[in-house]
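Undergrad: Coordinates for the following, if possible.
(4 chains)
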2 protein chains.
Amino acid sequence: MADDAPRWRRRKTDRPGEILDAALSVFAEKGYAAAKLTEIAHRAGVSKAALYLYFETKEDLFRAAARTLVAPNLTEMAGALEASEAPFADLAPALLAGAAAVLADGRTVTIARMVIAESRNFPDLARIWREDVVEQVLAIVTRLVVRAQDAGEVRAGDPRLYAFSLMGPLVMGGLFHAVFGEEGAPDLEALAAQHARTAMNGLLITPQES
Amino acid sequence: MADDAPRWRRRKTDRPGEILDAALSVFAEKGYAAAKLTEIAHRAGVSKAALYLYFETKEDLFRAAARTLVAPNLTEMAGALEASEAPFADLAPALLAGAAAVLADGRTVTIARMVIAESRNFPDLARIWREDVVEQVLAIVTRLVVRAQDAGEVRAGDPRLYAFSLMGPLVMGGLFHAVFGEEGAPDLEALAAQHARTAMNGLLITPQES
DNA sequence: CCATTAAATGACCGAAGGGTCAGTTATGGA
DNA sequence: TCCATAACTGACCCTTCGGTCATTTAATGG
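TA: Below you'll find the model as predicted:
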């Protein structure tokens, strides 16, 4: 039995990232309470005690992991949208389609669900997620609406409520997938497309058909 | 010390209901894992062991409690809506206003959040909630849309996706309240009213202003 | 009024899991 | 090459909490 391979390596710089990845996946799968430190350690390829070299407590680890998923490239998308000269009638459907694509891959929704689940026990986690993700998205949509109202494209009305009107159906659809699975769940792309038409044209068939 | 008052009473018929109430409030507050049987028993004015006279296990108690909030008078509301002869343009806003009122009191949303939180660990709880609540609501709205389409009031399109378009914003608004609190949260009645207008008339200002 | 029953209790058990620590071993520098 | 350091481990501790059981006591009815 040649055992020249060392039993473990010292990798001070890489460990924290690997541990955070492992923690994130376990937390997302099980929720906070049901996530066991032993399993996190196992997935990170490390002993449970090693976790405590990098993080104070389970709660600390949870916060750190949750922070890693915050708003990767949200601000740049905001800039692109704001810079675009396209009319609202083109921009909004594209925005919804993009949102559907993001929600469809499931990762974001899984995390959102975790935040929803733990928001009572970790209020500042909810605060962070809200400030860094939810309010960002709402702000983007709201500004878009305001601009379109100024340009005379969109009716008068509270622009923030309009943002809920636009995003709500997709949020509901994404949550449906995450919570109830695929059975009976709406196709998110189809939902985005039809809702975009609905939001633009309205549900009622007006005498003057488009 | 006159202790003529007995230390406890035998109240076989009332206990289960009181225990379920207590369980419901604790579960809603803390989530499944963080809810302690001791606290449930305490709130029910009973010892922990007494819980086991009426329920097999914590999980059993959880299911029973969750079942108590299921669709109290949902079917009768469905009947009333279905019976109404009013045009869709009047019915839908009333429906949204009613939904806003239900969501605003917070109780339903709190439980919904608990279901979202625990759906991974208790898949059949999610199933029950979906079948008994979510699908009921969606079915009501969907049938309403279909009828309106048949009457030539509403555009062609997938009626179930239309149901998401109609209810999604309110669901999102209700969740916002439950998860993030009141700060920045939309007023649900205002949201219902404006979204009803939006859904009926459309976001875009058509050349022929209403 | 007492005997019987079963509702209710308090003290206990055992498993699970977060957290700790003395000791082991990889590694970089002298 | 070897020493000092600190990254890492395995075994352990201890609290919490779901669940059980022998015992107590409120009610019922003969």
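Undergrad: Go through the lowest-mean-pLDDT helix or strand in chain A and flag the buried ones.
TA: Taking mean pLDDT, DSSP states H and E as the measure, chain A has helix A:74-83 as its least confident helix or strand, at a mean of 79. Neighbour counts over helix A:74-83 (16 or more other Cβ atoms under 10 Å in any protein chain shown) mark A:77-78, A:81 as buried. Using the backbone N, CA and C atoms, a C-beta is placed for each residue, glycine as well.
Undergrad: DNA strand D: which of these is nearest?
TA: When these are compared for distance to DNA strand D (Cβ to the nearest atom of the strand), A:Met77 wins out at 36.5 Å.
Undergrad: list the contacts for the residue nearest to the closest one when sequence neighbours are not counted?
TA: With Cβ to Cβ, 6 or more residues apart in numbering or on different chains as the criterion, A:Met77 has its nearest non-adjacent residue at 7.3 Å, and that residue is A:Ile140. Contacts for A:Ile140 (Cβ atoms under 8 Å, 6 or more residues apart in numbering or on different chains) come out as A:74, A:77-78, A:81-82.
Undergrad: Let me know the helix or strand that A:Thr142 is in.
TA: helix A:135-150 (DSSP states H and E).
Undergrad: avg pLDDT for that helix?
TA: Model confidence over helix A:135-150, given as mean pLDDT, is 91.
Undergrad: Could the C-alpha coordinates of it be exported in PDB?
TA: Extracted C-alpha coordinates of helix A:135-150, given in PDB (Å, rounded to 0.1, in the frame of the first residue of the first chain):
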ATOM      1  CA  GLU A 135     -35.600  46.500  -4.900                       C
ATOM      2  CA  GLN A 136     -33.100  46.500  -7.700                       C
ATOM      3  CA  VAL A 137     -35.400  44.700 -10.000                       C
ATOM      4  CA  LEU A 138     -38.400  46.800  -9.000                       C
ATOM      5  CA  ALA A 139     -36.400  50.000  -9.500                       C
ATOM      6  CA  ILE A 140     -35.400  49.000 -13.000                       C
ATOM      7  CA  VAL A 141     -39.000  48.300 -14.000                       C
ATOM      8  CA  THR A 142     -40.300  51.300 -12.200                       C
ATOM      9  CA  ARG A 143     -37.900  53.700 -13.900                       C
ATOM     10  CA  LEU A 144     -38.800  52.100 -17.300                       C
ATOM     11  CA  VAL A 145     -42.400  52.800 -16.600                       C
ATOM     12  CA  VAL A 146     -41.800  56.300 -15.500                       C
ATOM     13  CA  ARG A 147     -39.800  57.000 -18.700                       C
ATOM     14  CA  ALA A 148     -42.500  55.600 -20.800                       C
ATOM     15  CA  GLN A 149     -45.100  57.700 -19.000                       C
ATOM     16  CA  ASP A 150     -43.100  60.800 -19.600                       C
END
